[in-house]
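# need a 3D model of the following:
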Amino acid sequence: MNPHAHLPTAAGHEVVVTGIGLVAGRLTDPEALFDHLAEGRTLIAEHPLHQEWGIPCAVSAHIPPHVWRSLDAAVPEEAGAQGPAGVLAWHAAAQAWENSGLPRRLDGERGGVFLACNRMVMEPEELTALAAHVDHTSGTLDLDAYLASDGGPDPLRHRRHQPDSVTAGLADHFGAVGVMETRADACAAGGMAVGSAYRYIRSGVLDVAIAGGAESLTTLASITAFHAVGALAPAGGRTAAEISRPFDKDRAGFVIGDGAAFLVLESRAHAEARGARVLARVAGYAGVTEAVRMTSSSRDGSDYAACMRAAIADAGLTPDDIDHINAHGTSTQANDACEAAALHAVFGERAARLPVTGNKSALGHSLANSGAVEAVLSVIGLQRQTLLPTLNFTGADEDSRGLDIVTERREAPVNTVLSNSFGFGGENCSLILARAR
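Residues are numbered from 1 along each chain as shown. Next up, the predicted model:
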């Protein structure tokens, strides 16, 4: 029996999850990933090129080359040229759609696509070609010569690297062209894509949506940028598996990752009319933007707390109704301190009894995708009544003291999960996921 069944549902149509799909490391199946993480295993490993590039922390949660090749081969011809993030998105979205049991196309029904993916940057081969046309004395670029050269831009580059192209392609493929959104809200984008889809369905504008994120970040340009701002964790003599350590007293930064994850959302009426299997519910959402600093929020956690409270209220719940926190938990000093402070502020003395998990300890941080993959894992956790372990938590510091950080697989009665995503630039997101009923 669901102890929260008596609680009011947020105004509007009830929103349910009927399909999930993902790509993470060498794994291309949500259940397999959950099993992998439940066993205390990681996806973080040494990257074959990072050391060659001179990056101090040469590890990441990357997609192995043989997996890339198989995923690329599976993209339908009609999709056209796809960049790495697009390839991941197509696979995860198609898997979620098939998992939902929906017909191949939604023609005649109200559907939408919500993709989270931050814009790509130029990679080494493009920068090398561009540099040949720079006059370093005058500081000018001969753009005409660059465009006319053999080493000029790939004519399909726009399609390969613009996330909007992937959104439009998926919408056309599934016949879900009612609403198309491409989110680039930094690390919160995946959660915001799911939240935006939820709001369109709850309001009655859409009946079906596919929402998620995709990122391909283990590249020289991305790694260099995050290393330059001090966000990446140094190896510090640790093995690859030990480096990402959310809320731990010795945390020192995040480990970057690739991946994609999608959820199919429907109104309960639409799902029941076609006899769909309901996996979970999206019960609440809040997306809050603040502008304290580019790389951190209010140190007292007040901005994060406001976001969590808004999501809980949106679900028609109170803090006492939350059973589990799927934390943003990046393993950076500032983020984990802010999130821990916010959890204490929102849940008070109950924070000590409220289990907290940090999936990025094993998944790394895939930015726009992270909120989506954590939502998928939360759905499976609700189904299995199982909490995943947070790897590498050996002890609390002043910030995380008093929190129940789950360090081993734990069976627990869970009816509601608060899943957080907090991004650079003050983009904050909280989702409330609830057990199917």
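
# use CA for all of it now, contacts and neighbours both
Noted.

# burial count for the closest residue to residue 413 other than its chain neighbours?
Distances taken as Cα to Cα, 6 or more residues apart in numbering place residue 385 nearest to residue 413, at 5.7 Å, with adjacent residues excluded. Neighbourhood size, residue 385 [other Cα atoms under 10 Å]: 16.

# same check on residue 39?
If you count neighbours by other Cα under 10 Å, residue 39 ends up with 13.

# state the mean pLDDT of stretch 130-141.
The pLDDT scores in stretch 130-141 average 86.

# list the contacts of the residue nearest to residue 413.
Going by Cα atoms under 8 Å, 6 or more residues apart in numbering, residue 385 touches 411, 412, 413, 414.

# got it, and residue 252?
Here residue 252 is in contact with 232, 233, 234, 245, 331, 332, 333 (criterion: Cα under 8 Å, 6+ apart).

# residues contacting the spatially closest residue to residue 278 that is not a sequence neighbour?
Spatial nearest neighbour of residue 278, chain neighbours left out: residue 18 (5.0 Å); criterion: Cα to Cα, 6+ apart. Residue 18 is in contact with 99, 100, 263, 264, 265, 266, 271, 276, 277, 278, 279, 280, counting by Cα under 8 Å, 6+ apart.

# mind redoing it with 10 Å?
96-97, 99-102, 208, 263-268, 271, 276-281 (Cα atoms under 10 Å, 6 or more residues apart in numbering).

# SS state for it?
With DSSP: H, G, I helix; E, B strand; the rest coil as the basis, residue 18 sits in strand.

# repeat for residue 235
Classification of residue 235 by three-state DSSP places it in coil.

# looking at it, it is touching residue 244, isn't it?
Yes. Using Cα atoms under 10 Å, residue 235 is in contact with residue 244, at 9.5 Å.

# what do those two both touch?
Residues touching both residue 235 and residue 244 (Cα under 10 Å, 6+ apart): 252, 253, 255.

# contacts only, for the second one.
In this structure, residue 253 makes contact with 227, 230-235, 243-246, 330-336, judged by Cα under 10 Å, 6+ apart.

# sorry, back to before: for the contacts of residue 252, work out which two are farthest apart.
Using Cα to Cα, the pair of the contacts of residue 252 lying farthest apart is 234 and 333, separated by 13.0 Å.

# what residues are shared contacts of those two?
Shared contacts of residue 234 and residue 333 (Cα under 10 Å, 6+ apart): 251, 252, 253, 254.

# strands of the stretch 51-200 of the chain, residue ranges please.
In the stretch 51-200 of the chain, the segments counted as strands under DSSP state E, counting those that start in this stretch are 59-60, 111-116, 134-135, 140-141, 179-183.

# isn't residue 131 up against residue 141?
Yes. Using Cα under 10 Å, residue 131 is in contact with residue 141, at 8.4 Å.

# what is the least confident helix or strand in this structure?
Among the helices and strands of the chain, helix 157-161 carries the lowest confidence by mean pLDDT, DSSP states H and E, at a mean of 64.

# show me the contacts of residue 18 that map onto strands.
With DSSP state E as the criterion, strands contain 208, 263, 264, 265, 266, 267, 280, 281 from among these.

# and the spatially most central residue of the chain, how close does it get to residue 358?
Centroid check for the chain by Cα atoms, centre = their mean gives residue 370 as the closest residue, at 2.0 Å. Distance of residue 370 to residue 358, given as Cα to Cα, to the nearest Å: 11 Å.

# any residues in contact with both of those two?
Residues touching both residue 370 and residue 358 comprise 328, 364, with contact defined as Cα under 10 Å, 6+ apart.

# mind showing which ranges of this protein have poor pLDDT?
For the chain, the stretches flagged by pLDDT under 70 are 1-11, 119-124, 150-161, 291-298, 425.

# one step back: which of residue 235 and residue 244 has more neighbours?
Between residue 235 and residue 244, counted using other Cα under 10 Å, the more crowded position is residue 244 (39 against 18).

# list the contacts for that one?
Contacts of residue 244 (Cα under 10 Å, 6+ apart): 42, 44, 60, 232-235, 238, 250-256, 329-332, 358-365, 390-393.

# let's see it at 7 Å
By Cα atoms under 7 Å, 6 or more residues apart in numbering, residue 244 lies in contact with 254, 255, 331, 361, 364.

# number of nearby residues for residue 79?
When counting by other Cα under 10 Å, one arrives at 17 neighbours for residue 79.

# ok, residue 262 next?
Residue 262 has 35 nearby residues by other Cα under 10 Å.

# secondary structure element for the spatially closest residue to it that is not a sequence neighbour, which one?
The shortest distance from residue 262 to any non-neighbouring residue, by Cα to Cα, 6+ apart, is to residue 212 (4.0 Å). Here residue 212, judged by DSSP states H and E, is contained in strand 208-215.

# what's downstream of that strand, the next helix or strand?
Under the assignment DSSP H and E, the closest C-terminal helix or strand after strand 208-215 is helix 220-228.

# on that earlier part again, quick check, the residue nearest to the centre of the chain in a helix?
Yes. Counting by three-state DSSP, residue 370 falls inside a helix.

# the closest residue in space to residue 427 that isn't next to it in sequence and residue 279: what is the separation?
Leaving aside its chain neighbours, residue 427 sits nearest to residue 289 (4.8 Å; criterion: Cα to Cα, 6+ apart). Shown here: residue 289 relative to residue 279, a distance of 30 Å by Cα to Cα.

# repeat for residue 168
Computed as Cα to Cα, the residue 168 to residue 279 distance reads 27 Å.

# from the contact counts, what lies against the helix or strand hosting residue 430?
Here residue 430, judged by DSSP H and E, is contained in strand 427-435. With contacts taken as 3 or more Cα pairs under 7 Å, 6 or more residues apart in numbering; DSSP states H and E, strand 427-435 sits against helix 189-202, strand 280-289, helix 302-314, strand 416-423.
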